[in-house]
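> Take this sequence and fold it.
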Amino acid sequence: MRMGVVSRGGDLASRKDHGRDARATGLDALNRDAALLPYQVRWVEDQSRIAVWEKSRRIGADFCDAFRAVRERITGTRTTDYWYSSADESAAFEYMQYVKTWALDVYGLVLELVDGVERFGKEDVRVMSVTFPQINGRRPRIIAMASNPKSFRSKGGDVCLSEFAFHDNAFELWKAARPVITWGGRVRILSSHNGVESMFNQMVEMGRRHAEGSPRPNDIAVSLHRTTIDDAIADGLVERINLVSGESQSREEFREACRRDCGDERIFAEEYLCRPSEESGSYFPYELLRPSVAADAPPARTSISEFVADLHKYGAGAETIRSGIDVGRKRDRFVIWAIARFGSMRRTVGILELEDEPFGVMELAISMMMGARLSAQEGRATQVSRCCIDATGIGMQLAERALESYRTRVEAVTFTNAVKEDLFTRMRRDIEERTVTIPDDSTVLADINSIRKTVTSAGNVRFDAQATDLGHADRATALALALHADDRKGGEARYVKVEDRR
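Numbering: from 1, shown residues only. Below is the predicted model of the structure:
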């Protein structure tokens, strides 16, 4: 199906003054007519490479983003394609209607919407597009579709991920979408919240840290916008709605109606006040974790040398050092969590996270940790005296090699439902008794919070975590293994009298 466009006034490239006139009459005219509210104008005018909008529901975010996409392509400010991805097809179609309306009402340009199906891999995806008249030698497009990571492969230009927190696989979507902007493109991410574990919430946290001037080494540089329903009301949302609907609600009546219709304060807080929900059946709720959070605990590292330096710094003077290792390669991470005993307290003294690294690098990390000689009490030197390592699946080879090298200092643990129940029950007990410290890191806390306890129809207890953008509870499992290592104390051999062969 051919993409078409009908333009009032012909080819934009043939009208030399069109770009200048469009720039002069676009947003300026809209401001005079109050078509966009102040928070929408701020989003439209943001020129950052990656911008994230933490927003309330139904405040016109897609509406103003469509204006920005249209204005940039009509004026020639951006001549790249614009790839818009929504959580569902109906939202993509609504966005394209906004695009057509802005082009016609503000610039007098009639755009033909092409609605078809394209195959990406083995999936058919509905794709809607419009093509703009030629300007500066190019004919840019706006293309909208429902969420599908494969649809971004081999594409280039600008990207918009709408309601990013609700995409089925946000991690894969971001992984596919980010390379699209390699050649000078831009990313726009706008969404309401869908729990603290979402990748969207992690990007919001990155934006906050950048705004505060304290980003972490692996944080993405994000320009953060935040608009709660109260912010939108203060900027004139209710008056705009009254103008369109013909009603005469007061600001207080409108807000109360939004709150009342949610039926639950937690829903209202997440949908309208930009507060991601913290609870959804976690075995380690945040209320349980927070008393164990220690501001002086070392953060998770991605550098082996920094991790070993933390062991020396935070483990100095400890009675014993124990560690747990969860083995992962691709989506799952390889995590080492080291704890040191100071009396009855087990303090976190080092966390290492590796993602998609060769097994040789994992072995190097284990070797450097097990070989580190740390200053202990009374001037003595000590080493990691026990390490429990995941021997399930791809962890089996690493566990076998570690046992060959360090023998009695290593215990291989094969996960079964019974083993997981023992590990996480023990870990919860230690956290409840506040005898273990956890770093003040939102990613680490969310990872531990992701553990769920369920009972099957057969009455069996299961502990598991849904794979998320944060991993698969890799950090939580490493901590549980470290605590298991600390509780497994060696003793002298004992002779036991056996009554019979049983």
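> And the helices in the stretch 351-500 of the chain?
Under the criterion DSSP state H, counting those that start in this stretch, helices of the stretch 351-500 of the chain are mapped to 359-371, 395-406, 417-432, 442-449, 474-487.
> Deepest-packed of those, please.
Mean neighbour counts were taken over the helices of the stretch 351-500 of the chain using mean count of other Cβ atoms under 10 Å, and the top value, a mean of 26, falls to helix 474-487. C-betas here are computed from N, CA, C, even on glycine.
> Between helix 417-432 and it, find me the angle.
Taking axes from the mean of the first three to the mean of the last three Cα atoms, to 10 degrees, helix 474-487 and helix 417-432 form an angle of 80 degrees between their directions.
> How many neighbouring residues does the spatially closest residue to Val44 that is not a sequence neighbour have?
Sequence neighbours aside, Arg68 is the residue nearest to Val44 in space, at 4.4 Å (criterion: Cβ to Cβ, 6 or more residues apart in numbering). Using other Cβ atoms under 10 Å, Arg68 is surrounded by 24 other residues.
> Quickly find the element holding Arg68.
When elements are assigned from DSSP states H and E, Arg68 belongs to helix 61-75.
> rewinding a little: from memory the residue nearest to Val44 sits against Gln47, does it?
No - counting by Cβ atoms under 8 Å, Arg68 does not reach Gln47; the two are 10.4 Å apart.
> can you give me the strands for the stretch 1-150 of the chain?
Applying DSSP state E, counting those that start in this stretch to the stretch 1-150 of the chain gives strands spanning 50-55, 82-86, 114-120, 123-131, 141-146.
> looking at those strands, which is buried most?
Sort those by mean neighbour count, taking mean count of other Cβ under 10 Å, and strand 82-86 sits at the top with a mean of 25.
> just checking, what packs against that strand?
With contacts defined as 3 or more Cβ pairs under 8 Å, 6 or more residues apart in numbering; DSSP states H and E, the secondary structure elements packing on strand 82-86 are helix 61-75, helix 89-107, strand 141-146, strand 158-162, helix 170-177.
> got the angle between it and strand 123-131?
130 degrees.
> can you list contacts of strand 82-86?
The list of residues contacting strand 82-86 from outside it, by Cβ atoms under 8 Å, 6 or more residues apart in numbering, reads 69, 73, 92, 95, 140-148, 151-152, 155, 157-163, 167, 173, 177, 180.
> what's the angle from it to strand 141-146?
Taking the same axes, to 10 degrees, one finds that strand 82-86 is oriented at 20 degrees with respect to strand 141-146.
> Direction included, what does strand 82-86 pair against?
Taking DSSP bridges as the criterion, strand 82-86 sits next to strand 141-146 (parallel), strand 158-162 (parallel) in its sheet.
> Distance to Gln202 added to the helices and strands packed on strand 82-86, as CSV?
Formatted as CSV, the helices and strands packed on strand 82-86 follow (distance: least, Cβ to Cβ, whole Å):
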stretch, distance to Gln202
helix 61-75, 20
helix 89-107, 23
strand 141-146, 23
strand 158-162, 14
helix 170-177, 10
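> Distance of Arg139 relative to Tyr98?
Summarising the geometry, the distance separating Arg139 from Tyr98, computed by Cβ to Cβ, to the nearest Å, is 20 Å.
> Flag the shaky bits of this structure, pLDDT-wise.
In the prediction, the chain carries residues with pLDDT under 70 at positions 1-34, 120-122, 149, 168, 278-281, 376-379, 454-460, 466-471, 488-502.
> Now the residue nearest the centre of it: phi and psi?
The residue at the geometric middle of the chain, judged as the C-alpha nearest the mean C-alpha position with Cα atoms, centre = their mean, is Met199 (1.4 Å). Reported as degrees, to the nearest 10, the phi and psi values for Met199 are phi -70, psi -30.
> Is it in contact with Glu172, as I believe?
No - no contact is recorded between Met199 and Glu172 when judged using Cβ under 8 Å, the distance being 10.0 Å.
> Pretty sure Glu306 sits in a helix.
Yes - assessed with DSSP: H, G, I helix; E, B strand; the rest coil, Glu306 lies in a helix.
> List the contacts of Ala340.
Counting by Cβ under 8 Å, 6+ apart, Ala340 touches Tyr314, Gly315, Ala318, Glu319, Thr320, Ile321, Arg322, Arg346, Arg347, Val349.
> ok, now which ones touch the first one?
With Cβ under 8 Å, 6+ apart as the criterion, the residues that contact Tyr314 are Ala297, Pro298, Ala340, Arg347, Thr348, Val349, Gly350.
> at 10 Å what do you get?
For Tyr314, the contacting residues are 296-298, 321, 338-340, 347-350, 374, 437, taking Cβ atoms under 10 Å, 6 or more residues apart in numbering as the criterion.
> Can you select the buried ones among the residues you listed for me in ChimeraX?
What follows is the ChimeraX syntax selecting those of the contacts of Tyr314 that are buried according to 16 or more other Cβ atoms under 10 Å:
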select :297,298,321,338,339,340,347,348,349,350,374,437
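> quick revisit: give me the common contacts of Arg68 and Gln47.
Shared contacts of Arg68 and Gln47 (Cβ under 10 Å, 6+ apart): Thr77.
> who does the nearest residue to Leu403 once chain neighbours are set aside bridge with?
Nearest residue to Leu403, sequence neighbours excluded (Cβ to Cβ, 6+ apart): Val410, at 5.2 Å. Beta-bridge pairing of Val410 under DSSP bridges involves Cys387.
> Val410 contacts Ala399, doesn't it?
Yes - with contacts counted by Cβ atoms under 10 Å, Val410 reaches Ala399, the gap being 7.6 Å.
> okay, and the common contacts of the two?
With contacts taken as Cβ under 10 Å, 6+ apart, Val410 and Ala399 have Ile325, Ile366, Cys387, Cys388, Ile389, Ala391 as neighbours in common.
> The fifth one reaches Ser405, doesn't it?
This points to Ile389. No - under the criterion of Cβ under 10 Å, Ile389 lies out of contact with Ser405, with a separation of 11.5 Å.
> Now do the shared contacts for these two.
Shared between the contact lists of Ile389 and Ser405 (criterion: Cβ under 10 Å, 6+ apart) are residues Ile366.
> From Asp486, how far off is Glu205?
Distance from Glu205 to Asp486, counting by Cβ to Cβ: 31 Å.
> for Leu224, same thing?
Computed as Cβ to Cβ, the Leu224 to Asp486 distance reads 40 Å.
> How about Gly195: what's its closest non-neighbour residue?
Nearest non-adjacent residue to Gly195, counting by Cβ to Cβ, 6+ apart: Ser277, 5.1 Å away.
> ditto for His472
Closest to His472 by Cβ to Cβ, 6+ apart is Asp332, at 4.8 Å.
> what's the answer for Ala300, then?
Skipping the residues right next to it in sequence, Ala300 comes nearest to Ile351 by Cβ to Cβ, 6+ apart, at 4.2 Å.
> Does the one you found touch Ile325 like I think?
No - under the criterion of Cβ under 10 Å, Ile351 makes no contact with Ile325, lying 11.2 Å away.
> If you count surrounding residues, which of those two has more?
Neighbours of Ile351 and Ile325, each counted by other Cβ under 10 Å, are more numerous for Ile325; the result is 30 against 27.
> Is it correct that that one falls within a strand?
Yes - note on Ile325: a strand contains this position according to three-state DSSP.
> Now do the residue lying closest to it once chain neighbours are set aside against Glu355, distance only.
Once its chain neighbours are removed from consideration, Ile325 has its nearest residue in Ile389; the separation is 4.3 Å (Cβ to Cβ, 6+ apart). In this structure, Ile389 and Glu355 are separated by 18 Å, where distance is defined by Cβ to Cβ.
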